[in-house]
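here is my input, please return the structure:
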Amino acid sequence: MSIFVLDSSVAVKWVLQEPGTSKALSLRNDIFRQIHEVIAPDVFVSEVAHALTKAERQKIIPVGDAQMHLADVLRFAPVFHSFLPLVARAVEISSVTRIAVTDCIFVALAEQEGCEMVTADDRLVKNLPGYPIVSLNSL
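Residues are numbered from 1 along each chain as shown. Below you'll find the predicted structure:
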């Protein structure tokens, strides 16, 4: 069984029809079948909730559906790790790479746990060479 740090960008594709949704659903099925295990910093919940309420504001989903979609995502929730011990390393990574600290918290968890972070954000993959990060599209 492989372990991945699950980026919220992947989990959002479980409930919103976007490019990459089929790959994200395939990963979710592998998680369900225990082929992969996923972990995430606990800021994951806030990031998913933000993406879903943003989708409401952009009229991608009806207002009020964010709560239901969040519950769907959390049915396959990763094992959560506190983000606080990861912040110092995330700040270091952010300072060097100029990537948002929140994204770097996920990378710091991958470093700490000796695994890769899977993301649907190819910009992160491109801008973080040498860090333990892999594109959803490459799975």
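
quick one: pLDDT of the residue nearest to residue 42 when sequence neighbours are not counted?
Once flanking residues are discounted, residue 42 sits nearest to residue 80: 4.5 Å by C-beta to C-beta, 6 or more residues apart in numbering. Glycine gets a C-beta too; all of them are placed from N, C-alpha and C. You'll see residue 80 listed with a pLDDT of 98.

and what of the one 4 residues further on?
pLDDT for residue 84: 98.

what's the burial count for it?
Neighbour count of residue 84, defined by other C-beta atoms under 10 Å: 10.

gap between it and residue 90?
Separation of residue 84 from residue 90 (C-beta to C-beta, to the nearest Å) stands at 10 Å.

can you check residue 12 too?
Going from residue 12 to residue 90 by C-beta to C-beta gives 21 Å.

list the contacts for the residue nearest to residue 42?
39, 40, 41, 42, 44, 45 (C-beta atoms under 8 Å, 6 or more residues apart in numbering).

let me know the helix or strand that it is in.
Using DSSP states H and E, residue 80 sits in strand 79-81.

can you list the strands that that strand pairs with?
strand 36-41 (parallel) (DSSP bridges).

how about the strand it pairs with: buried residues?
Neighbour counts over strand 36-41 (16 or more other C-beta atoms under 10 Å) mark 36, 38, 39, 40, 41 as buried.
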